[in-house]
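next one to model:
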Amino acid sequence: MRGGIERYLHDLSRYLVGRGHEISVLVAGNARGCSEKEVSGFNVIEYPCICRILSNPISPGLRRILQNTPADILHFHVPLPSAVIAWLLARRNTPYIVTYHSDIVRQALFLPFYGPLLKRFLKGASKVIATSPVYLDTSLYLSDLDNTEVVPIGSDLDVFRPSDASPKSDYFLFVGRFRKYKGIGVLLDAWKKFPRRKLVMVGGGPLECDVRKIIRENSLNVEIVSNPDDRKLVELYQQARCLILPSTLRSEAFGMVQTEAMACGIPVISTALPTGVPWVNSDNVSGLVIPPGDSIAMTEAVKKMEDPHMHSRLSSGALERAVCHFNAERLFSRVESLLEEAVNAEIN
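Modelled structure (predicted):
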């Protein structure tokens, strides 16, 4: 199962290739050297990475790779401090745009050094894309820029769509990496109140052993599904009663799983973070929004989702909102236009 940014990069690159553009995606690999392969019609280049510090890949050779790239334009996806620093050191005049997925949260101790570099990097971009108007207004690094534009992250409505098959199963669904900021502890605490209500957790990650231990020790009605393929993931969405996104920290900047669930006609329970999360899931329209870190509010929201009339109304609202606001093809077209405008401005 791809993570949200990985899926976004894959689908955007595939769209641009289909539009006739030549695309290469540069990602951190291992320490053995560069490798290259074709995925869905575009090149994926893995550059050497000697280690990772707080999830940030460290590669002494990245500056040279960026210096020598033949690209007409670059598209950076941040936070990725090593790429930002490498680009500034490369001293190239090639135009670039930036998709700003999130502020730095885990590596905040480096901000006194890195913050000024990030501001310089963002100001030099042809365009900085924020994924929601909320994040644009609340990010210290975006709010005072004059080169920003909001382009949300969408989902492929041909892939993520309501089921044509039998009625939905009666389980609630979590999709995401098992990390601290995801609020998994809050979710599992709430689930102690539902011995007969099933929760399916899709994913894995650093906290998986801890999660399994809590489930076992409390005899929770929870099933973990690790690394499903895309077809299975869509089926899990389609058959769920509701998606739950219980994140508690600003690291959850958007919540792409919300758009995937909504496109399948599945309502969402999410948290009122000062990010794009509650903007994506509109309270009482496409789902319910509750205070972060509040297991009692989570319990009450789950009970509300058991009301058939409310559930039906929110399911319809979720699908309508996904179609109107989070159609990936339409949003990719806006990104393509920004890329073309940056190249044309450089030529002229």
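
now do the phi/psi pair for the nearest residue to I58 once chain neighbours are set aside.
Among residues not flanking I58 along the chain, C51 sits closest, at 5.1 Å (C-beta to C-beta, 6 or more residues apart in numbering). No exception for glycine: its C-beta is placed from N, CA and C like everyone else's. In terms of degrees, to the nearest 10, the main-chain angles of C51 are phi -170, psi 180.

can you give me the distance of C51 to L117?
Counting by C-beta to C-beta, to the nearest Å, the gap from C51 to L117 is 20 Å.

what about these two, which has more around it?
The neighbour count for C51 versus L117, taken as other C-beta atoms under 10 Å, is higher for L117 (15 against 9).

low-confidence ranges in the stretch 51-200 of the chain?
Where the stretch 51-200 of the chain drops to pLDDT under 70, the residues are 54, 106-109, 166-168.

the helix or strand where V335 lies - contacts with which helices or strands?
Counting by DSSP states H and E, the element that carries V335 is helix 328-347. Here helix 328-347 touches helix 4-18, strand 96-100, strand 127-130, going by 3 or more C-beta pairs under 8 Å, 6 or more residues apart in numbering; DSSP states H and E.

distance of M201 from R14?
Going from M201 to R14 by C-beta to C-beta gives 28 Å.

wait, I73
From I73 across to R14, the span is 18 Å (C-beta to C-beta).

re earlier: M201 and R14: which is more packed in?
Using other C-beta under 10 Å, the more surrounded residue of M201 and R14 is M201, with 25 against 17.

show me the contacts for the closest residue to the more buried one other than its chain neighbours.
In this structure, M201 finds its nearest non-sequential neighbour in F174, 4.6 Å apart by C-beta to C-beta, 6+ apart. F174 makes contact with I184, L187, L199, V200, M201, V202, G203, L243, I244, L245, P246, according to C-beta atoms under 8 Å, 6 or more residues apart in numbering.

helix, strand, or coil at the third one?
For L199, the assignment made with DSSP: H, G, I helix; E, B strand; the rest coil gives strand.

let me know how buried it is, in neighbour terms.
Neighbours around L199, by other C-beta under 10 Å: 22.

skipping its backbone neighbours, what lies nearest it in space?
Distances taken as C-beta to C-beta, 6+ apart place V222 nearest to L199, at 4.7 Å, with adjacent residues excluded.

would you list the phi and psi of the one you found?
For V222, the backbone dihedrals (degrees, to the nearest 10) come out as phi -130, psi 130.

ok, and what's touching the helix holding V335?
Everything outside helix 328-347 that qualifies as a contact, by C-beta under 8 Å, 6+ apart, is 11-12, 15-16, 19, 21, 72-73, 75, 94-97, 99, 126-127, 129, 149, 151-157.

what separates it from the chain centre, distance-wise?
Helix 328-347 sits 21 Å away from the centroid of its parent chain (C-alpha atoms, centre = their mean, to the nearest Å).

do the same with stretch 29-44
How far stretch 29-44 lies from its chain's middle: 22 Å, per C-alpha atoms, centre = their mean.
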